[in-house]
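Trainee: need the 3D shape of this:
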Amino acid sequence: MQRTPINPWPWSLAVGYNQAEVLEAVKRQLVCAGQTAVDEAGQPQYPGDMRRQIALTLDNLEVVLNAAGFGLAHVTRLQVYTTDVDEAMRHFDLLGMRFGAAQVAPPMTLLGVSRLALPELMFEIEATAAD
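Mentor: Residues are numbered from 1 along each chain as shown. Modelled structure (predicted):
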């Protein structure tokens, strides 16, 4: 797969994402359900701790990607949901560290929501990946 970033304005790069990407020669695509800060049994972890929830959410996303033979470098789109946008933004360095290490800046949307599926959860990521 070849990725060509589209950034008519550079401001989004400072936050860690491209405005768009052209994907060419895609062989497979993976659409992930929303990943959250739950353990292997689906139990919410770290209530009230946004940073630890984001870290575990990213860990869980990587597990799902790896199970399909993908990694963070294959992520082509992120949809992020949080119950507290300001608090989530304070910890977005975690996304930058993970996706920066993979040398990708997938297009992303961040939405504030009143709650997620389980009331203890504060952060959720949906991802699309391709190779």
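
Trainee: distance from the lengthiest helix in the chain to the middle of the chain?
Mentor: If you go by DSSP state H, the chain has its longest helix at helix 50-67. The chain centre lies 8 Å from the centre of helix 50-67; the measure is CA atoms, centre = their mean, to the nearest Å.

Trainee: run through who's touching it.
Mentor: Contacts to helix 50-67, defined as CB atoms under 8 Å, 6 or more residues apart in numbering, come from residues 30, 32, 35-38, 45-46, 71-72, 74-75, 82, 84, 87-88, 90-91, 94-95, 98, 121-125, 127, 129. To be clear about C-beta, it is placed using only N, CA and C from the backbone, and glycine gets the same treatment.

Trainee: list the buried residues in it.
Mentor: Residues 50, 52, 53, 54, 55, 56, 57, 58, 60, 61, 62, 65 are the ones in helix 50-67 that count as buried (16 or more other CB atoms under 10 Å).

Trainee: could the residues you listed be laid out in JSON lines, adding distance to residue 3 and pLDDT?
Mentor: Shown next, in JSON lines, are the buried residues of helix 50-67 (distance: CB to CB, whole Å; pLDDT from 0 to 100):
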{"residue": "50", "distance to residue 3": "30", "pLDDT": "98"}
{"residue": "52", "distance to residue 3": "31", "pLDDT": "98"}
{"residue": "53", "distance to residue 3": "29", "pLDDT": "98"}
{"residue": "54", "distance to residue 3": "24", "pLDDT": "98"}
{"residue": "55", "distance to residue 3": "26", "pLDDT": "98"}
{"residue": "56", "distance to residue 3": "27", "pLDDT": "98"}
{"residue": "57", "distance to residue 3": "23", "pLDDT": "98"}
{"residue": "58", "distance to residue 3": "20", "pLDDT": "98"}
{"residue": "60", "distance to residue 3": "24", "pLDDT": "98"}
{"residue": "61", "distance to residue 3": "19", "pLDDT": "98"}
{"residue": "62", "distance to residue 3": "19", "pLDDT": "98"}
{"residue": "65", "distance to residue 3": "16", "pLDDT": "97"}
